[in-house]
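Trainee: Next come a sequence and a model predicted from it.
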Amino acid sequence: MTIAYIIHLANYSDGVLYVLAILFLIAAGVTLDRLWHLRRAIMRGDTIVARISAMGSLAANDLAALRDFAGHQPEAPLLDTALHHQSVSDAAVMGQRIDEAIMLVAPRLDRRLWILDTIVTLAPLLGLFGTIIGMFHAFSVLAKPGHAPAQVTGGVADALVATAFGILIAMLGLAAFNLLSNQIRLILHQLETIKTMILNRTDGTTLIPLVRPNPAARAAEPSRA
């Protein structure tokens, strides 16, 4: 397939293929951007969960070290809330304040996913629209004297490319949307896990660590003052 033929197909749909190509690039950009950020959040969250699991209790300096380690990831506001409200003796009140932090973080996780969702719905419809326009061009040949049947069938085949491209974009976009949605679910589960672990380790009693780190992990664990 040459560049000239691709341009012919795009012109045959009156430019709809160009619009579909732009939608494909936007979908790819959104997918890569969110995949990068969500994957980093998951990896950072896994490390934080492992570190807290290895501790029997959480002091203020432990929470501060974990907050600094979280950086700009979704776990940071949660840990910061726990650090500034560690003196609250009522676990229910503490849990509600951490829940508020999670609620404020949650909308940031699915940012720009609505664009991907829109493209998944719009691309097949736009591809069908391009095919209909191409059909007009294909059957307009019948009005010309001395037309050849191959011209009509070839024009129909060219017109169907727009629908095929639109469906392809929708399939890829749907797979990406489900992948990103699953990663958001994992992050929210991590946040809920961290919340429960914080409450269990700041209630004045010492837990037996659920995970005993190896020497390398213990060396990477935030040191206590």
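Mentor: That came in fine, so what should we check first?
Trainee: from the chain's centre, how far out does the longest helix that the chain contains sit?
Mentor: In the chain, with assignment by DSSP state H, the single longest helix is helix 149-201. How far helix 149-201 lies from its chain's middle: 9 Å, per C-alpha atoms, centre = their mean, to the nearest Å.
Trainee: tell me the mean pLDDT for it?
Mentor: Across helix 149-201, pLDDT averages out at 86.
Trainee: which helices and strands does that helix pack with?
Mentor: Helix 149-201 sits against helix 3-12, helix 16-53, helix 75-84, helix 91-109, helix 113-140, with contacts defined as 3 or more C-beta pairs under 8 Å, 6 or more residues apart in numbering; DSSP states H and E. Every residue, glycine included, has its C-beta placed from N, CA and C.
Trainee: What's the separation between the nearest residue to Ile48 once chain neighbours are set aside and Leu180?
Mentor: Nearest non-adjacent residue to Ile48, counting by C-beta to C-beta, 6 or more residues apart in numbering: Glu75, 5.4 Å away. According to C-beta to C-beta, to the nearest Å, Glu75 stands 18 Å off from Leu180.
Trainee: Can you check the pLDDT for the residue nearest to Ile48?
Mentor: The model's pLDDT for Glu75 equals 89.
Trainee: Surely it is in contact with Gln190?
Mentor: Yes: in this structure, Glu75 is within contact of Gln190 by C-beta atoms under 8 Å, at 7.3 Å.
Trainee: and the two? which has more neighbours close in?
Mentor: Glu75 (26 against 21; other C-beta atoms under 10 Å).
Trainee: What residues does that one make contact with?
Mentor: Ala41, Arg44, Gly45, Ile48, Leu66, Gln190, Leu191, Ile194 (C-beta atoms under 8 Å, 6 or more residues apart in numbering).
Trainee: how about the nearest residue to the residue positioned nearest the centre of the chain, chain neighbours excluded?
Mentor: The chain has Leu180 as the residue nearest its centroid, 3.3 Å off, counting by C-alpha atoms, centre = their mean. Closest residue to Leu180 apart from its sequence neighbours, by C-beta to C-beta, 6+ apart: Arg34 at 5.2 Å.
Trainee: Report the contact partners of Ile42.
Mentor: Gln183, Leu186, Ile187, Gln190.
Trainee: any idea how far the second one is from Thr118?
Mentor: Taken as C-beta to C-beta, the spacing of Leu186 relative to Thr118 amounts to 24 Å.
Trainee: Could you do the last one as well?
Mentor: Relative to Thr118, Gln190 is positioned 28 Å away (C-beta to C-beta).
Trainee: which intervals of the chain have sub-threshold pLDDT?
Mentor: For the chain, the stretches flagged by pLDDT under 70 are 1-13, 89, 138-155, 204-225.
Trainee: can you rerun that using 50?
Mentor: Applying pLDDT under 50 to the chain flags residues 215-217, 219-220, 223-225.
Trainee: quick one: the residue nearest to Leu180 and Asn182 touch, right?
Mentor: No: with contact defined as C-beta under 8 Å, Arg34 does not count as touching Asn182 (11.9 Å).
Trainee: Thank you, goodbye.
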